[in-house]
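Peer 1: Return atomic coordinates for the entry below.
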Amino acid sequence: MSVSFSLQKNKPLRDDNVLLRGYRMIHSVNIQNFRCFDSVNLVDCPRINLIVGRNASGKTAFLEALFLASGASPELAIRLKNWRGQPAISVSAEQTAYEGQWKDLFHNFNQKQEISIQFHGSSGFGRSLKILYVPKTVITVPISADTGTAAKGIVPLTFIYRGEDNREYQSSMDVTSSGLQMEAIALPPIHAHFFGSQIPLNPQQYANLFSDLSIQKKQSEIVDALREEFHFIEDIGVEAGDLLYASVEHLSDKVQVGVLSAGIYKLLCILLLIGRPSMGIILIDEIENGFYYDMLPSIWRLILQFAKKYEVQVFASTHSRECLEAAADVAKEQSKEFGVIRAVKANGVAELRQFDGKRLVDAINEGIEIR
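Peer 2: Numbers count the residues shown, from 1 in each chain. Sure, this is the predicted structure:
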């Protein structure tokens, strides 16, 4: 049987009579003037969202947009620069140098037009973020006591958030004698974690997550899930130095999970993030990295199983057809839980095109290239 398949500009491919029921953290997303995106809009985002596309097409930028809007501090923009390997932020007394450090956040480096990132979900959930330059009453701040140099004419980059209470919360990156100063705001951040391919894992962070689950007597679910896939693992626990160790068949001593296997450690960390306080989002860049191809179907089943139980939504980019085939294998029985976002770039502008889990399965079955 032949299956037709098409991708239409900014139009989701879905069955209008069949929508994902129950929990959805993010239902729709609108992004304006951010990085490679001039204007994009997504709707009907399911629980598991696979992001595909060529290099420099906007996959990571889309994940970054969600991460920025989920937070409650301009400091997240500094993290993004670090994760992309950009030079450390320097405090400058000149407006041109100050703005030069942030221009890559703006589409086509147009800093006269504000960045806007919005998403909305079920039960009235929503968050919006605007990033723009807002003049302040006081704009002259000493930079160096030795030279007397002052920041003259600095218009600070300002982040304006709007939460579920429909109130605005504003924080600016002000130049001070000790560095960049940002106002603390009372808007609670959304439980969101960016799991980037170039971001080193913090061993203590994940040991603490495991310890929290252990205190609640809930760690066995994750341990049992890993043992089912990796039979040589006997147990996992937090040992000296607040590190995760595994007991392994035929080894006399326990071994750090990261030393045992980078792939097993990555999967353990993802499951720990999903199992932390629920109703959050997990953003994973290049999810296939570190996983042997024949384990991918089991990994997708585990991620979906835990995401449903803990009410977590996943956005994950991939370059791997094997990863997509594995996801499609799981989506055969639960297609409403899956969707694909395809990043396409033309003339320097990125577009995001959607299709649902059923079309993912059909495309893979027909051998259609969707990466």
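
Peer 1: Report the helix or strand with the lowest average pLDDT across this structure.
Peer 2: strand 179-182 (a mean of 85; mean pLDDT, DSSP states H and E).

Peer 1: Which strands or helices does that strand pack on?
Peer 2: Identification of packing neighbours for strand 179-182 by 3 or more C-beta pairs under 8 Å, 6 or more residues apart in numbering; DSSP states H and E yields strand 168-176. From N, CA and C alone the C-beta is placed, and that goes for glycine too.

Peer 1: Put the alpha carbons of the strand it packs on into CSV.
Peer 2: Output of strand 168-176 as CSV, limited to C-alpha atoms (Å, rounded to 0.1, in the frame of the first residue of the first chain):
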residue,chain,number,x,y,z
GLU,A,168,5.0,40.7,34.4
TYR,A,169,8.4,40.1,36.1
GLN,A,170,11.4,42.0,34.8
SER,A,171,15.1,41.5,35.2
SER,A,172,18.0,43.3,33.5
MET,A,173,21.7,42.7,32.9
ASP,A,174,23.1,45.8,34.5
VAL,A,175,26.8,46.7,34.3
THR,A,176,28.4,47.2,37.8
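
Peer 1: Now that strand: buried residues?
Peer 2: By 16 or more other C-beta atoms under 10 Å, the buried positions in strand 168-176 come out as Y169, S171, S172, M173, D174, V175.

Peer 1: and if you look at stretch 304-316?
Peer 2: L304, F306, A307, K308, Y310, V312, Q313, V314, F315, A316.

Peer 1: With respect to pLDDT, which of these ranks lowest?
Peer 2: Taken together, the buried residues of stretch 304-316 show their lowest pLDDT at Y310, with 90.

Peer 1: check contacts around Y161.
Peer 2: Shown in contact with Y161 (C-beta atoms under 8 Å, 6 or more residues apart in numbering): A69, A72, R127, S128, L129, E168, Y169, Q170, S171, I185, L187.

Peer 1: Just confirm the fourth one is within a strand.
Peer 2: So that's S128. Yes: read with DSSP: H, G, I helix; E, B strand; the rest coil, S128 is one of the residues of a strand.

Peer 1: Where does the prediction get shaky in the stretch 151-300 of the chain?
Peer 2: Along the stretch 151-300 of the chain, the model assigns pLDDT under 70 to residues 151-153, 277-278.

Peer 1: What segments of it are strands?
Peer 2: Taking DSSP state E, counting those that start in this stretch, the strands of the stretch 151-300 of the chain run over residues 157-162, 168-176, 179-182, 192-195, 233-239, 243-248, 255-256, 281-284.

Peer 1: Excluding chain neighbours, what is closest to V248?
Peer 2: Sequence neighbours aside, F232 is the residue nearest to V248 in space, at 5.5 Å (criterion: C-beta to C-beta, 6 or more residues apart in numbering).

Peer 1: ok, now which ones touch the one you found?
Peer 2: F232 neighbours (C-beta under 8 Å, 6+ apart): V248, E249, H250.

Peer 1: Specify the residue ranges that define each domain of this structure.
Peer 2: By the record's domain assignment, the chain is partitioned as 1-10+46-69+279-371, 72-188, 198-276 (automatic domain parsing).

Peer 1: got the end-to-end distance for the shortest one?
Peer 2: In terms of C-alpha to C-alpha, to the nearest Å, the two terminal residues of domain 198-276 are separated by 23 Å.

Peer 1: before we move on, the earlier item: what is the nearest of the contacts of Y161 to E239?
Peer 2: Distance to E239, by C-beta to C-beta, is smallest for A72 among those, at 34.4 Å.

Peer 1: And the residue nearest the centre of the chain?
Peer 2: L283 (2.5 Å; C-alpha atoms, centre = their mean).

Peer 1: so who does that one touch?
Peer 2: Per C-beta under 8 Å, 6+ apart, neighbours of L283: L63, L66, F67, A192, H193, F194, F195, F315, A316.

Peer 1: Now do the third one against Q101, distance only.
Peer 2: Here the distance between F67 and Q101 works out to 19 Å (C-beta to C-beta, to the nearest Å).

Peer 1: quick one: the helices in the stretch 201-350 of the chain?
Peer 2: Remark: helices assigned in the stretch 201-350 of the chain by DSSP state H, counting those that start in this stretch are 203-215, 219-229, 257-260, 262-275, 296-309, 321-331.

Peer 1: Nearest to H120, out of the ones you listed?
Peer 2: helix 296-309 (19.7 Å).

Peer 1: Distance from the chain centre to the closest one, please.
Peer 2: Computed by C-alpha atoms, centre = their mean, to the nearest Å, the separation of helix 296-309 from the middle of its chain amounts to 17 Å.
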